[in-house]
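# got a predicted structure plus its sequence, pasted below:
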Amino acid sequence: MNILGINAFHGDASIALVVDGKLVFALEEERVNRIKHSAGFPIKSLEYCLQYYNLKLNDIDLICFNFNPKANFLSKIKYTVFNLNQNLRLFNKIKNQFSKLSSINEIKNKYFPNYRNRIKYFDHHLCHLASSFFISPFENSTLVSVDGFGDFSSSYLGFAEYSKIKVINKTLFPHSPGLFYLGVTQFLNFNNYGDEYKVMGLSAYGKPKYLDDLNKVMYVKDGKILLNLEFFNHDKNKFNYTWKDGAPKNSTVFSEKFQSLFKKKISSSKDQIDEFHADFAASAQKLYENVLFKLLNYAYSKTKNSNLCLSGGCAMNSLANGKILENTKFEKLYIPPSPGDSGGAVGAAFLGSTDKNRIIKNDSPYLGVKFSKKEIQNEIDSLKKIQKNMKIIKFEDKKKQSNFIVNEFLIKDKIVAIFQGSCEWGPRALGNRSIIADPRNKQIKDIINRKIKLREPFRPFAPTILREQISDWFYSNKDFKYMSEVVKIKKDKSILVPAIVHVDGTCRLQTLDKDEENIFFLILQNFFEITKVPILLNTSFNINEPIVFSPKNAINTFLKSDIDCLILENYIVYRNNNN
């Protein structure tokens, strides 16, 4: 049975395919159309999915969307009635929810008018819960979803056992920790959709000096994270969420009352990132962690189950994630590779299964398109025609290829890009679409920022480590497959790899299991044998754009950057003057 899950009409539009109970394919629209956090309908991803599996639309038995206009409908009506001064906006909001259905019908008529099978709609947060639990290693678990808003709610607490999910608590509009963090992000002049991770990175440079002031803004009560609405605009008529040319954008979250709390400090440092920005970021991060841990402990008190599946956009807060087990009663934590809205497509597909007992656990993040040898060869041939100064070598043996990369590039402080296999599902580059470098060179971070990534200097780079070496280097011995958590590195080891250690002595870590077919693993293993360091710097293969998707994307990004070497499956490409 083929079930298609879709996240549409919101940021990070995506699709997912579950075949006979197993998740086999998942792809964000941004990878294909090259618009970051692309909203709207993921038509290009859908076309890729059908083509990749040689399916026609009517081979899909069921299409499931990760929103339901009827979800929490009575709560919407109740809120509108009791907030008559805001009822125009709320009525429009409810109307817009139902307009999604007509939009889907329009798109169905436009793109697949002959589709004969069923379409279902599932509660946004229920999809989040399902997206985590059904690929987790647990047979039963506490479930928590926290984000901005979806279907009039911002968080769900639940419990799952085998194929059944039970919701035990909800936080409804207008309260949301995700909206608080968005407001903080905007307040610090990071104005692109999805810039919250910049606040996390900046927070390590500051101290929580403003925590007392921010405690007035957000707090926890009865298992719900609540906002002091005097400080917010999102429940007012003038607030709106739009996407122009596919890119989502929010209007200002914090109200003038909030702005007045810090007006003098922010105005004196408006055009630069300084101590105030760092201290404010640290204060906001600390408050978010405090309320999250209280929410999670409340969830545990209701379930008494020490397994936790965490999802929703706020589960992207890797700094908080790394502290969950030491600040709550949970003993095991699972966060899926794509916990945000794109992951809702996975949850919707699972919820649409008519035989959930047959769901096959698949936690691989490598769920996107894998390009054929012929497609790779075609791009190599095209490159040869237009670039005469390129050295191109084809390897038949991956170990020899990895040896060449380590000896001729990495240990000589060169920057290497990897393009191999299926593209990763989720926002992290995990070795199939990555840029890698030697973490021993303290200057390599600045080199990558200056020559390639063109991003803020305060943002850290992540490490990838051989799985069996983790306890020798970090204060942990668990798997970190998806770079979802921040971990403390041992002090005597941190001085050996300064390029991947943040100022607070932490790293957003990926562990890599043994896989002789994975060129990234072979490179890391070879690097360890030569240097005695089992770690490489690993960042996403992109330049202020979505992570590269196709071999054409990979070559174009390589050509317009100062990346020294490109691995394109069993080929390597580099400029003749590099060696």
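Okay, I see it. Numbering: from 1, shown residues only.
# show the end-to-end separation of stretch 35-44, please.
End-to-end distance of stretch 35-44 (C-alpha to C-alpha, to the nearest Å): 12 Å.
# who touches that stretch?
Applying C-beta atoms under 8 Å, 6 or more residues apart in numbering, the external contacts of stretch 35-44 come out as 6-15, 27-30, 32-33, 103, 107, 111, 192-194, 243, 245-248, 545-546. Backbone N, C-alpha and C define where each C-beta goes, glycine included.
# distance of residue 322 from residue 487?
6 Å (C-beta to C-beta, to the nearest Å).
# which residues are in contact with each of these two?
Joint contacts of residue 322 and residue 487 (C-beta under 8 Å, 6+ apart) are residue 506.
# and the longest helix for this protein?
helix 275-303 (DSSP state H).
# buried residues of the following helix or strand past that helix, list them for me.
Stepping forward along the backbone from helix 275-303, the first helix or strand reached (DSSP states H and E) is strand 307-311. By 16 or more other C-beta atoms under 10 Å, the buried positions in strand 307-311 come out as 307, 308, 309, 310, 311.
# same check on stretch 137-145?
Quick answer for stretch 137-145 (16+ other C-beta under 10 Å): 138, 141, 142, 143, 144, 145.
# OK, contacts around the closest residue to residue 116 other than its chain neighbours?
Take residue 116 and drop its neighbours on the chain: the residue closest to it by C-beta to C-beta, 6 or more residues apart in numbering is residue 58, 5.6 Å away. Residue 58 is in contact with 114, 115, 116, 117, counting by C-beta under 8 Å, 6+ apart.
# give me the pLDDT value at residue 58.
Per-residue pLDDT puts residue 58 at 95.
# cool, residue 101 as well?
60.
# cool, and residue 119?
Note for residue 119: predicted pLDDT of 90.
# contacting residues around it?
62, 63, 64, 65, 104, 108.
# could you do residue 539 as well?
Each residue near residue 539 by C-beta under 8 Å, 6+ apart is listed here: 429, 434, 435, 436, 448, 453, 461, 462.
# between those residues, which is closest to residue 503?
Distance to residue 503 across these (C-beta to C-beta) is lowest for residue 461, with 12.6 Å.
# burial measure for the closest one, as a count.
The number of residues packed near residue 461 is 21, by other C-beta atoms under 10 Å.
# try the one 5 residues further on
Here the number of neighbours of residue 466 (other C-beta under 10 Å) works out to 20.
# repeat that for residue 20.
The tally of other residues near residue 20 (other C-beta under 10 Å) stands at 13.
# what's the pLDDT at the nearest residue to it once chain neighbours are set aside?
Leaving aside its sequence neighbours, residue 20 sits nearest to residue 1 (C-beta to C-beta, 6+ apart; 5.9 Å). pLDDT, residue 1: 92.
# hmm, back to that, is the residue nearest to residue 116 in a helix, a strand, or coil?
The three-state assignment at residue 58 reads helix, by DSSP: H, G, I helix; E, B strand; the rest coil.
# do the one 5 residues further on as well
Secondary structure assignment for residue 63 (three-state DSSP): strand.
# understood, closing this out.
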